[in-house]
Structures are given as C-alpha cells and as structure tokens.
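# Here you go, sequence then predicted model.
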Amino acid sequence: MVDERIRQQGETAMKSPFYTAEHDAFRDVMRRFVEKEITPFAHEWDEAGEFPRVLYRKAAEIGLMGLGFPEEYGGITADQFMKIVASQELARAGAGGVSASLMSHTIGSPPIARAARPEVKGRVLPQVLSGEKISALAITEPGGGSDVANLSTRARRDGDHYVVSGEKTFITSGMRADYLTVAVRTGGEGAGGVSLLLIEGDTPGLSRTKLKKMGWWASDTATLHFDQCRVPAGNLIGEEGQGFKIIMQNFNSERMGMAASCTAFARVCLDEAVAYAKERKTFGKPLAQHQVIRHKIVDMAQKVAASQAMLEMLAWRLERGESPVAEICMMKNQATQTMAFCASEAVQIFGGAGFMRGIKAERIYREVKVNAVGGGTEEIMKDLASRQMGL
C-alpha cells in the first residue's frame with residue numbers, strides 16, 4: 001500500500017499549468033469514487049472475470065460516463081485535460097480491465113454522437129450516458145485488425161434493412177454490450193466501401209463467444225458472430241461509404257485516452273515500487289538504500305515524467321484545434337513503452353512478491369501487451385507517424 005508521503009510525492013510530480021480549479025475538483029471526485037467503488041474490489045473482480053453492472057450507473061452519477069458528450073443527451077462539457085484526469089484517476093486502481101469495459105462507450109458512442117440520425121442519438125445516448133445501457137465498438141475481425149480498409153463483414157441492403165453477416169473479435173464489452181457500433185462493408189473494396197451500423201445486442205442472428213486473455217480479466221472480451229442479422233437502415237451511422245473516415249477520427253481520441261491511462265499505470269508501478277523499497281529490508285537495510293534499486297526508481301520516474309509532459313503538450317495542441325496525428329501515434333508508443341518498462345522494473349523490485357497475484361504491479365504487468373497492441377500496434381503507429389512526416 002502506498003503511504004501518504006509517497007502519494008503526496010506523486011501528486012507533486014503531476015503539478016502542471018494546464019489544470020484549473022475545475023480540473024482539480026473533478027480529480028477529487030474521481031479519486032473518492034475510485035477509492036470507494038473500484039480499488040477495494042479490483043483483485044476480486046479480476047479473479048471473477050467481470051465486475052458488477054451497477055458500476056456503470058455509479059460512474060454516471062459522478063458525471064464520468066457523460067464526459068465530453070453533448071449536454072442535450074446527458075453529457076458534460078469537457079476539455080482534453082478533463083479527460084486525462086478521468087483516465088488517470090481510474091488507473092490508480094491498477095485494474096485496466098475495469099477501466100476498459102467501464103469506458104468502452106468512449107470508443108463505441110462518439111460515432112453515434114457525431115454522425116447518427118437524430119432519432120438514434122436521442123434513443124441511444126441518454127441510456128448509455130446514464131449507465132443504463134452498455135456501448136461497444138466492433139471493428140477488428142479474425143482476419144485482420146488495424147487493416148480497417150480491408151474488413152470483410154458484409155452488410156447487404158434489403159429494403160428498409162441491412163442484412164449483416166460476418167465476425168468481429170477482441171471486442172471490449174462484447175458479451176454485455178446493448179449497443180454495438182459495427183464497421184461493415186456496404187460497398188466495394190477498400191476504404192470507400194466501409195460503413196458504420198448501430199446493431200442492438202438483442203438482434204436475432206447475433207451470437208457471442210467469451211474470450212480468455214492474458215490480462216484485463218475483469219473486462220469482458222468477445223468474438224461476435226453475425227448470421228444474417230437484419231438491422232434497420234435508419235441505424236446507419238453517417239452515410240454509406242463514410243465509415244472509414246469516422247473510424248479514423250475515433251482512433252485519435254482512443255489513442256490519447258490509452259496514452260493517458262498507460263502513463264498513469266506506469267506511475268502506479270513507480271509509486272508501488274517506491275513504497276515497497278522503503279519497507280522491504282535485505283542485507284540489513286531497506287531496498288531503497290541499495291544504489292541499484294534507487295537507480296531503477298529514478299529511471300522509472302524519468303520516463304513517467306517525460307510521458308506525462310508529452311501527453312499534456314499534445315492535449316494543449318488539440319485544444320488549440322491542431323491535429324498532430326504523427327505525434328499522437330508516437331505518444332501512444334511512448335506511453336505503452338513507459339508502462340512496459342515501469343511494470344517490469346516494479347515486479348523486479350518486488351522480487352518473488354511481484355510474481356504473486358493480488359498486487360497492482362503484477363496485474364499491470366499482465367496488461368502491458370494489450371495496450372501495445374490495442375488501438376493500433378506499435379508497428380502500425382510507427383508506420384502511420386512516418387507517413388504523416390512525409391517519409
């Protein structure tokens with residue numbers, strides 16, 4: 001357990017000119033929520049492979065679910081820094097699986113808010129933002145992930161409906177989602193043939209298979225099977241053939257959110273390692289008095305500080321209306337690599353205790369790779385960044 005002095009040191013490291021009194025007030029609300037509603041149960045939920053559905057409603061009560069969505073549907077105005085606060089306070093529980101599923105609407109619902117028909121927005125968004133219903137995004141297929149332009153799930157127009165057949169996999173909240181924002185092929189080959197459809201969870205012909213994972217155990221993850229599912233044509237999000245563009249807009253926001261979370265998970269590992277190194281004694285003195293351990297901790301702190309600074313500068317640029325795609329790609333890699341480094345070093349400092357289930361560092365260590373792969377792999381991020389740089 002991180003003692004109060006270590007907690008305060010972490011807070012000092014996070015001081016930044018970008019945060020206002022409003023951000024700080026929301027941080028306090030988030031911290032109390034996480035400390036009461038998530039942290040005490042994180043290990044139990046991870047072992048159980050799920051968390052109670054009532055958590056969505058509790059998150060909605062403090063404004064978390066509506067953050068950044070239109071007020072007319074129950075949303076709350078929020079800038080990039082408010083979103084960083086939300087992501088990073090959730091990460092303090094060291095339970096990525098809970099964060100991933102609880103916040104799956106932040107990738108599933110923005111396309112609805114941005115491009116769905118008014119009737120669909122009015123019907124779906126209030127239910128999701130109140131925590132009554134769960135929203136998920138379904139893009140990845142068994143035959144491909146980041147290659148969105150070549151997806152194969154087909155939606156054939158038949159009168160007032162689309163008939164959908166195909167599969168999606170690695171879908172966060174896939175088992176419990178009431179609303180699925182699904183990428184489908186309505187036209188020919190390539191990006192121009194991709195559209196987005198809202199498919200409701202009780203649609204006949206939809207079946208789901210739960211997947212077992214290395215980490216994020218508390219997050220339900222599924223393969224979705226669409227067998228001639230009839231979906232009302234009014235559930236089309238945007239226009240036919242415009243899905244790829246909407247998906248790409250969604251990715252930038254997703255990657256910023258992941259970068260914020262991963263940087264915070266790295267900080268959790270740092271704080272846990274520092275607390276343990278002060279308490280654990282070897283060869284007659286605390287671990288922290290061994291130079292090799294102190295150097296490990298400094299390396300961790302350096303990487304966390306660099307990642308946080310890069311994250312906040314990018315958030316500032318986004319607030320100014322810029323679209324620094326290359327830097328966002330690099331930011332995601334920077335954050336996930338920082339998380340990987342800090343998780344590994346924390347487990348090393350804990351020694352045998354770090355290999356035991358139940359501590360945050362061990363759980364975060366198992367969650368490293370899903371972050372390095374999800375939202376665009378390291379390799380895809382580098383390739384996209386290089387192309388944005390004109391290489």
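Noted; the coordinates are in hand. Numbers count the residues shown, from 1 in each chain.
# Any idea what the closest residue to residue 109 other than its chain neighbours is bridged to?
Using C-beta to C-beta, 6 or more residues apart in numbering and skipping residues adjacent in sequence, the residue nearest residue 109 is residue 135, 4.6 Å away. To be clear about C-beta, it is placed using only N, CA and C from the backbone, and glycine gets the same treatment. When assigned by DSSP bridges, residue 135 has beta-bridge partners residue 179.
# Likewise for residue 281?
With DSSP bridges as the criterion, residue 281 is bridged to residue 286.
# How confident was the prediction at residue 145?
Residue 145 is assigned a pLDDT of 67 by the prediction.
# do the one 4 residues further on as well
According to the model's per-residue confidence, residue 149 sits at a pLDDT of 84.
# contacting residues for it?
Counting by C-beta atoms under 8 Å, 6 or more residues apart in numbering, residue 149 touches 190, 191, 194, 244.
# helix or strand for the last one, which one?
Meaning residue 244. Using DSSP states H and E, residue 244 sits within helix 243-279.
# Could you list the buried residues of that helix?
243-244, 246-247, 250-277 (16 or more other C-beta atoms under 10 Å).
# low pLDDT regions in this protein?
Applying pLDDT under 70 to the chain picks out residues 1-14, 145.
# Give the residue farthest from the middle of it.
residue 284 (42.7 Å; C-alpha atoms, centre = their mean).
# how near is that residue to residue 114?
Residue 284 sits 61 Å away from residue 114, going by C-beta to C-beta, to the nearest Å.
# do residue 72 as well
On the measure of C-beta to C-beta, residue 72 and residue 114 end up 14 Å apart.
# More neighbours: which of these two?
residue 114 (14 against 10; other C-beta atoms under 10 Å).
# Would you tell me what helix or strand that one is located in?
Assigned by DSSP H and E, residue 114 falls in helix 110-115.
# What would the following helix or strand past that helix look like as CSV? C-alpha coordinates only.
Following helix 110-115 in sequence order, the next helix or strand is helix 118-129 (DSSP H and E). C-alpha atoms of helix 118-129 as CSV (Å, rounded to 0.1, in the frame of the first residue of the first chain):
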residue,chain,number,x,y,z
PRO,A,118,-31.2,12.4,-34.5
GLU,A,119,-33.7,9.7,-33.6
VAL,A,120,-30.9,7.2,-32.9
LYS,A,121,-28.9,9.7,-30.9
GLY,A,122,-32.0,10.6,-28.8
ARG,A,123,-32.8,7.0,-28.2
VAL,A,124,-29.4,5.5,-27.5
LEU,A,125,-27.1,8.2,-26.0
PRO,A,126,-29.2,9.0,-22.9
GLN,A,127,-29.4,5.3,-22.0
VAL,A,128,-25.6,4.9,-22.4
LEU,A,129,-24.6,8.1,-20.6
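# Centre of the chain to helix 118-129, how far?
Averaging C-alpha positions (C-alpha atoms, centre = their mean, to the nearest Å) puts helix 118-129 22 Å from its chain's average.
# Touching that helix from outside, list them.
60, 65-66, 69-70, 73-75, 105, 108-109, 112-113, 116, 133-135, 178-179, 198, 234-235, 237.
# How about stretch 307-316?
Counting by C-beta under 8 Å, 6+ apart, 13-14, 16, 18, 79-81, 84, 256, 259-260, 262-263, 266-267, 324, 327-328, 331, 334-335, 338 sit against stretch 307-316.
# Would you mind listing the buried residues in that stretch?
307, 308, 310, 311, 312, 314, 315, 316.
# and the fourth one, what are its phi and psi?
Spelled out, it's residue 311. The phi/psi pair for residue 311 (degrees, to the nearest 10) reads phi -60, psi -50.
# A strand includes residue 228, no?
Yes - under DSSP: H, G, I helix; E, B strand; the rest coil, residue 228 sits within a strand.
# my read: it touches residue 163, true?
Yes - using C-beta atoms under 8 Å, residue 228 is in contact with residue 163, at 5.7 Å.
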